[in-house]
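Visitor: mind looking at a prediction? Sequence and model below.
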Amino acid sequence: MDVTLATAWLRAVADSVAAEADELTRLDSAIGDGDHGVNLRRGFTAVTALLDGTGFTGVGDVFVRSGGTLISKVGGASGPLYGSVFRALGKALPPGPSATLPDLAGGLRAGLEAVRALGGAAPGDKTIVDAYEPALAAFEEAVAGGAALPEAAAGAARAAGDGARATIPLTARKGRASYLGERSAGHQDPGATSTWLIFQALADVTAP
Ligand code: ADP
Ligand code: MG
Ligand code: MG
């Protein structure tokens with residue numbers, strides 16, 4: 001993972017979030033306040049502007065500054081949560097222009113730990129964690145098995161999609177959807193869905 005690939009990944013997330021903004025908002029209208037697509041589109045549009053206008057000191061810096069942008073530009077819960085993910089990912093990477101695949105796996109784990117520390121969600125609470133945790137497990141398993149980045153990212157994206165769909169029957173225990181109690185069951189979690197888009201974007205930009 002180098003500065004060019006990190007930048008391409010975040011631009012692909014921005015494109016995907018913009019293309020899927022209406023769908024994310026529809027999901028959030030069912031169990032939240034209907035702004036998840038708008039929140040993420042605003043945040044990643046600001047990230048794109050950052051990428052256009054900035055020279056980065058290294059690959060970690062791309063993620064740290066993008067995460068800071070999400071934190072400052074997104075009002076909803078998802079801004080600080082995803083902002084913390086990318087900041088933790090960036091801080092976990094070694095300084096310099098590129099990171100190895102094990103570095104990236106470690107950085108993605110730091111991102112999961114950050115979102116769990118900030119939000120307090122466990123697997124099964126119907127949040128970002130329900131897509132992120134299985135995606136990371138698939139990524140780590142692929143890396144441990146000797147896979148290269150494209151294969152590891154594709155496996156992570158599949159697992160994230162499965163995890164997002166598996167939130168449908170769950171009752172939310174964190175975030176706004178938890179106010180609905182059992183009425184949150186029967187709807188796919190918006191944040192788990194956007195986490196899937198983030199891992200799918202990594203798979204797309206690394207696909208051979
Ligand atoms: P808000 O709820 O402030 O309007 P968004 O609509 O942008 O923010 O994001 C909602 C998503 O954030 C939810 O679908 C859920 O996946 C995620 N989320 C909310 N609270 C938490 C939490 N404590 N931990 C992890 N993810 C959370
Ligand atoms: Mg919302
Ligand atoms: Mg909101």
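Guide: All right, it came through fine. Ligands and ions are numbered 1, 2, ... in the order given.

Visitor: residues near Ala207, how many?
Guide: 11 (other C-beta atoms under 10 Å). The way it works is simple: take the backbone N, C-alpha and C, and place the C-beta from them, glycine included.

Visitor: for His36, same thing?
Guide: For His36, using other C-beta under 10 Å, the count is 28.

Visitor: same question, Leu108
Guide: 24.

Visitor: now the residue in the chain that ligand 3 sits nearest to, what's its secondary structure?
Guide: Scanning the chain for proximity to ligand 3 using C-beta to the ion identifies Gly76 as nearest, at 3.9 Å. Gly76 falls in the coil class when you classify it by DSSP: H, G, I helix; E, B strand; the rest coil.

Visitor: look at it and report its pLDDT.
Guide: In this prediction, Gly76 carries a pLDDT score of 89.

Visitor: next one: Ala164
Guide: Model confidence at Ala164, given as pLDDT, is 98.

Visitor: regarding it, what is its secondary structure?
Guide: Relying on three-state DSSP, one would call Ala164 helix.

Visitor: nearest residue to Asp103 in space, please, no chain neighbours.
Guide: Using C-beta to C-beta, 6 or more residues apart in numbering and skipping the chain neighbours, the partner closest in space to Asp103 is Leu93 (5.6 Å).

Visitor: distance-wise, check that neighbour relative to Glu23.
Guide: For Leu93, the distance to Glu23 (C-beta to C-beta, to the nearest Å) stands at 31 Å.

Visitor: for stretch 3-13, which outside residues touch it?
Guide: Residues from elsewhere that reach stretch 3-13 (C-beta atoms under 8 Å, 6 or more residues apart in numbering): 44, 47-48, 51, 56, 58-59, 62-63, 66, 97-98, 197-198, 201-202, 204-206.

Visitor: pull out the buried members of these.
Guide: The neighbour count (16 or more other C-beta atoms under 10 Å) marks 44, 47-48, 51, 56, 58-59, 62-63, 66, 98, 197-198, 201-202, 204-206 as buried among the contacts of stretch 3-13.

Visitor: among those, which are in helices?
Guide: Of the positions in the buried ones among the contacts of stretch 3-13, 44, 47-48, 51, 59, 62-63, 66, 197-198, 201-202, 204-206 sit in helices, assigned by DSSP state H.

Visitor: closest to His36 out of those?
Guide: Using C-beta to C-beta, Leu197 comes nearest to His36 of those, at 11.1 Å.
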